[in-house]
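Peer 1: quick one: sequence plus predicted model below, questions after.
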Amino acid sequence: MYKHVIVASVACVLTITALTLPAPQSPSCPFPTELETFAIDVGRTPTIVADNLRQWINWQGGNSYVQVGRHERADATSEWAFKEYMFSTDLKITDVSFAAGGQTLYVAGIRSTGNGCEDVIEQWDITFPKGSLAIQVSPAPTRGTVAPLPFTSTITGTVVIGGGTFVSAAQRIRSPFTQKTVLYSGSGLGPFAAIEADPEQRFLLALPLSGSGLYSLDLTTPSSPPLLEFDAATLPHLGAVRRIVAYEHEDLGRFYWLYETKGDYIGNGCFSFIVDSENDGVFDASLTLDAGAAFAASPFHEYAKFVSLINTTDTDFP
Amino acid sequence: MKLSIIPLPVLRWTRLLPAVLLVCLSQTAAADKLQASVDFLAAVGVPTPPGYTVQWGPTGGAAGSTNPKAGEINVNADGIRSLSPNLEGDPTDFGGILVVVLYHEYKHADGSFTNTSEAGRACDHVQQVHQVAAKNCELIQLICQEIPGADVKPICTFYSDVQDGYNNGSDGGGGASAAHAKYGCSDPYPGDIPDCPACGPDGGCAGN
Ligand SMILES: [Zn+2]
């Protein structure tokens, strides 16, 4: 199956290579048009679906805030209450990812400094106000150690922040507390077209718009230098990729799907996949497939075997 | 109201088969509900675009997605939940919402809106989302006409969430009109999405 699939992908890789362009940078920090998005063509991203908590994030490429929407209820049969939170930043955002049900956000963007511009990736750990619901997550294993499968098993439940009883959003007094940690800042490598967090928060994938390589940042040691996971010779398709999404497959295990668009219309290109079947944080394989027949014949098209990484109540599709 | 310079297929929503609508709205399994929505659209003159299969599947977080090369339209319940944050209950139960999500994806699949560049994609969606909202409202009117007293709260909530995102930007940072101006889209701005008169203030059909 794999041999067949890899052969089928070669033609696709060749056509995509020509589309790879270097990322422009100048002291005025222009925002790359390739990374602009609007609310009407890119929807909100769901981050957790549980019996008593649903959360989504919304952000737009080129803007400087992330909106978090939360639906909470005391228990699985009570009425939902909705609350929206807005988090601002001095970055012009290029991509946002999340972990721990969206209580941790990863935000990539461009910032002007006294000396010019820098590409930045930050981690935002959000503590919602006392009385809110929070997801409990098992401690992340070290990279190279097999992680529990599926990810949803690492979510051990929901608790009320600060203890005590659940307080409806309308009655909460305080705003969320956000602790921001710089994971990367520099110039030359970015801007980053796409980032995606390992659901177990061991690493963050970061893809420069140039497609020069797919990197990871060590989340257990902030400010570690980016580690090259796949170079452009191995994955020439990287220059066309604009979105990375973590998935899980009953047979294949953990994998990341690399799309050419952040929107809902896939277009006429290719998909790439990087696979970490044991979910030990070490990638075993990568491949690029034409989005047509080659993809349809691959195991990445076996949707019935997909497991939701955000839905703790109904982990299969739908 | 002028919807677009791109011709729409002539939709005959009013030549509804009430039986199909009832199947679509009644409590059936998620897979059947999706198929019932496909059947409903076909019955009102909007068949699945040739060469396409409709299924529940991964969309990367969106409510629906269209892959023209593989000939597939995927619909995702978690994506619907985040597109319509005020929706209560399980979106796989709401045939009306699936109909609207499918109609949006059909407009990609039938070749009406196929831009993938950032500017083209935004300009496409300025027109497309407006058109689909108009059909969403027609569908609500139809349900209320055929089934007086029907519970249209979910689909009205969905309509109003889409309307808010379109008119204001779901982040308050500028919606469709801002995108239209920024990219100098060639088609005229179709206007903000109006309230749907069929939706009553209590979530039921207006006038009931
Ligand atoms: Zn669309």
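Peer 2: That came through fine.
Peer 1: which residues in chain B form helices?
Peer 2: Taking DSSP state H to define them, one finds helices in chain B at B:18-25, B:30-43, B:77-83, B:95-109, B:118-146, B:153-168, B:176-183.
Peer 1: quickly, which of the ones you listed bottoms out on average pLDDT?
Peer 2: Per-stretch mean pLDDT for the helices of chain B is lowest at helix B:18-25 (a mean of 53).
Peer 1: looking at the helices of chain B, which is nearest to A:Asp280?
Peer 2: Of all the helices of chain B, it is helix B:77-83 that lies closest to A:Asp280, at 26.5 Å by CB to CB. From N, CA and C alone the C-beta is placed, and that goes for glycine too.
Peer 1: what's that closest one in contact with?
Peer 2: If you take CB atoms under 8 Å, 6 or more residues apart in numbering or on different chains as the criterion, helix B:77-83 is touched by A:43-46, A:49, A:54, A:56, A:69, A:308, A:310-311, A:314, A:317-318, B:30, B:56, B:59, B:61-64, B:87, B:90-92, B:97, B:101, B:158, B:161-162, B:165.
Peer 1: just the buried ones from those residues?
Peer 2: By neighbour count, with 16 or more other CB atoms under 10 Å in any protein chain shown, the contacts of helix B:77-83 hold A:43-46, A:49, A:54, A:56, A:69, A:308, A:310-311, A:317-318, B:30, B:56, B:59, B:61-64, B:87, B:91-92, B:97, B:101, B:158, B:161-162, B:165 as buried.
Peer 1: now do the end-to-end distance for stretch A:56-63.
Peer 2: By CA to CA, to the nearest Å, the extent of stretch A:56-63 from end to end equals 17 Å.
Peer 1: what does it contact?
Peer 2: A:31, A:35-39, A:42, A:44-47, A:65-69, A:92-96, A:98, A:102, A:105, A:107, A:262, B:81-82, B:85, B:118, B:169-171, B:173.
Peer 1: again, only this time at 6 Å
Peer 2: A:31, A:35-37, A:44-47, A:66-69, A:92-94, A:96, A:102, B:82, B:170-171, B:173 (CB atoms under 6 Å, 6 or more residues apart in numbering or on different chains).
Peer 1: go ahead and confirm B:Phe113 touches B:Gln128.
Peer 2: Yes: look at B:Phe113 against B:Gln128 with CB atoms under 6 Å: they come within range, at 4.7 Å.
Peer 1: surely A:Tyr256 and A:Ser272 touch.
Peer 2: No: counting by CB under 6 Å, A:Ser272 is not a contact partner of A:Tyr256; they are 8.6 Å apart.
Peer 1: for the two, indicate the residue with more neighbours.
Peer 2: Applying other CB atoms under 10 Å in any protein chain shown to A:Tyr256 and A:Ser272 shows that A:Ser272 carries more neighbours, namely 27 against 20.
Peer 1: okay, and the residue lying closest to the more buried one once chain neighbours are set aside sits in which element?
Peer 2: Leaving aside its sequence neighbours, A:Ser272 sits nearest to A:Leu258 (CB to CB, 6 or more residues apart in numbering or on different chains; 3.9 Å). A:Leu258 is part of strand A:253-259, with elements assigned from DSSP states H and E.
Peer 1: hmm, who's touching that strand?
Peer 2: Contacts to strand A:253-259, defined as CB under 6 Å, 6+ apart, come from residues A:241, A:243-248, A:272-277, A:279.
Peer 1: are any of the residues you listed buried, and which?
Peer 2: Listed as buried from these are A:241, A:243-248, A:272-277, A:279; burial here means 16+ other CB under 10 Å.
Peer 1: can you tell me which of those residues lies nearest to A:Gly163?
Peer 2: Closest approach to A:Gly163 among the buried ones among the contacts of strand A:253-259 (CB to CB): A:Ala246, at 31.7 Å.
Peer 1: which helices and strands does the helix or strand hosting the closest one pack with?
Peer 2: A:Ala246 belongs to strand A:243-249 when assigned by DSSP H and E. Judged by 3 or more CB pairs under 6 Å, 6 or more residues apart in numbering or on different chains; DSSP states H and E, the packing partners of strand A:243-249 are strand A:192-197, strand A:253-259.
Peer 1: okay if I get those as JSON lines plus mean pLDDT?
Peer 2: As requested, the helices and strands packed on strand A:243-249 are exported to JSON lines (pLDDT from 0 to 100):
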{"stretch": "strand A:192-197", "mean pLDDT": "98"}
{"stretch": "strand A:253-259", "mean pLDDT": "95"}
